[in-house]
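# I would like the atomic coordinates for the input below:
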Amino acid sequence: VNSIRKERSEKEKSCTQDKEDRKARFLARLKQKINSIKNEQLVIKTRFSEAKNLCMGPVQADVDGKRLQFNTLEMFIAEIETLSCLARKKQAEVLAELKNQLGVSTEVAAKRLDIGIKFAERLFTFHNLMRKYPNLALTGYSMETLLAFKKTIEKEADQDDNFCSKL
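Modelled structure (predicted):
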């Protein structure tokens, strides 16, 4: 019985450590992305106009051309992920403004927008996170990823003024 408890305890410690390691890795990547944000909206706007050619054009013939094409597509995918987050941010803003305009609950606003209540609640939580830390939308992380690490982000922002000022 004692060996079973000890084994369970070791597994729980390992699981807790894995979660902490995951949070630490996420924060390190997030800080790196936050530090690299410069005129991101302008870059997205100018590259997005090439979307059809990037996605529908022929594969380049030579090896160097293929490498360049692959890397250009990789950057484009990152920009689409950022645009997706910006679009979710705007949806969250629309939901929040509808709630305020009508003076209704999230549930009533969800019904008015014809979306699920759980999704509306997540959007509203995301809206509050984006109001507090607007640059998170430019990191390339999805709404779901940012919400999954919401507590970690908020805790780090409370402890690190430099990090918080960039968010």
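
# low-confidence ranges in this protein?
Scanning the chain for pLDDT under 70 picks out 1, 38-49.

# in this protein, which spans are helices?
2-35, 40-48, 51-56, 63-102, 106-113, 117-132, 143-148, 150-159, 161-166 (DSSP state H).

# Those into CSV, with extra columns for mean neighbour count?
Where you see a C-beta, it was placed from the backbone N, CA and C, and this is true even at glycine. Output for those, formatted as CSV (neighbours: other C-beta atoms under 10 Å):
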stretch, mean neighbour count
helix 2-35, 12
helix 40-48, 13
helix 51-56, 10
helix 63-102, 15
helix 106-113, 17
helix 117-132, 17
helix 143-148, 17
helix 150-159, 15
helix 161-166, 13
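
# how close does residue 116 sit to residue 89?
Residue 116 sits 19 Å away from residue 89, taking C-beta to C-beta, to the nearest Å as the criterion.

# which ones are touching residue 112?
Neighbour list for residue 112: 98, 102, 104 [criterion: C-beta atoms under 8 Å, 6 or more residues apart in numbering].

# Quick one: residues contacting the last one.
Residue 104 makes contact with 98, 112, according to C-beta under 8 Å, 6+ apart.

# Could you shift the numbering so residue one becomes 4, and keep it that way?
Let's use 4 as the start, then, which means that last one is residue 107.

# quick revisit: kindly indicate which of the contacts of residue 115 lies nearest residue 138.
residue 101 (24.9 Å; C-beta to C-beta).

# Excluding chain neighbours, what is closest to that closest one?
residue 112 (4.9 Å; C-beta to C-beta, 6 or more residues apart in numbering).
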